[in-house]
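In: Fold the following and give me the result.
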Amino acid sequence: QLVESGGGLVQPGGSLTLSCAAPGWTLDYYAIAWFRQAPGKTREFVGGISLSLGITNYADSVKGRFTIFRDNAKNGVYLQMNSLQPEDTAVYYCAAALYGGRWSEDDMDYWGKGTLVTVSS
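Out: Presented below is the predicted three-dimensional model:
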């Protein structure tokens, strides 16, 4: 399974970096996506990174503010979030898709349990 960390409370305009780890197995062959689910809303795609070239894809709502990168040496994938706003409040999930290629929930093979990000003053 995947394990997310780094969530917490941050003020509007602040930054936070989430981590996604895979204890006991390698992420080398997986594309990694981040999803989020805000209170009372359905889960939505935030962004993803391919397994080899590190090509990223982002939802329009976070483009220019969020950055996904991976550190293969540390077997981790990270979601750097800047200029956070209250509407970014959600539980953030990382998910892995073997070889990747698509970014829908149904295409993900493994999920983490999520980490809560709260943006509030």
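In: tell me, what residue is most central in the protein?
Out: In the chain, the residue lying closest to the centroid (Cα atoms, centre = their mean) is residue 34, at 2.8 Å.
In: what's near enough to touch that one?
Out: 18, 20, 45-48, 68, 79, 92-95 (Cβ atoms under 8 Å, 6 or more residues apart in numbering). Placement of C-beta: from N, CA and C, glycine included.
In: With pLDDT as extra columns, can I get these in TSV?
Out: Shown next, in TSV, are the contacts of residue 34 (pLDDT from 0 to 100):
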residue	pLDDT
18	98
20	97
45	98
46	98
47	97
48	96
68	97
79	98
92	98
93	98
94	97
95	97
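In: Most neighbours of all those, which one?
Out: Highest neighbour count within the contacts of residue 34: residue 94, with 32 neighbours (other Cβ atoms under 10 Å).
In: Setting the sequence-adjacent residues aside, check what's closest to that one.
Out: residue 20 (3.4 Å; Cβ to Cβ, 6 or more residues apart in numbering).
In: Correct me if wrong: the one you found contacts residue 4.
Out: Yes. Counting by Cβ atoms under 8 Å, residue 4 is a contact partner of residue 20 at 5.5 Å.
In: any residues in contact with both of these two?
Out: 94, 112.
In: returning to that earlier point: pretty sure the residue nearest to the centre of the chain sits in a strand.
Out: Yes. Per DSSP: H, G, I helix; E, B strand; the rest coil, residue 34 lies within a strand segment.
In: can you pull out the strands in this protein?
Out: Using DSSP state E, the strands of the chain run over residues 3-5, 8-10, 16-21, 30-37, 44-49, 56-58, 66-71, 76-81, 90-98, 110-111, 115-119.
In: For residue 104, find the nearest of these.
Out: strand 44-49 (7.5 Å; Cβ to Cβ).
In: now the angle from the closest one to strand 66-71?
Out: 40 degrees (axes from the mean of the first three to the mean of the last three Cα atoms, to 10 degrees).
In: Give me the contacts around strand 44-49.
Out: When contacts are defined by Cβ under 8 Å, 6+ apart, strand 44-49 is touched by residues 31-37, 55-59, 62, 66, 68-70, 77, 79, 92, 100, 103-105.
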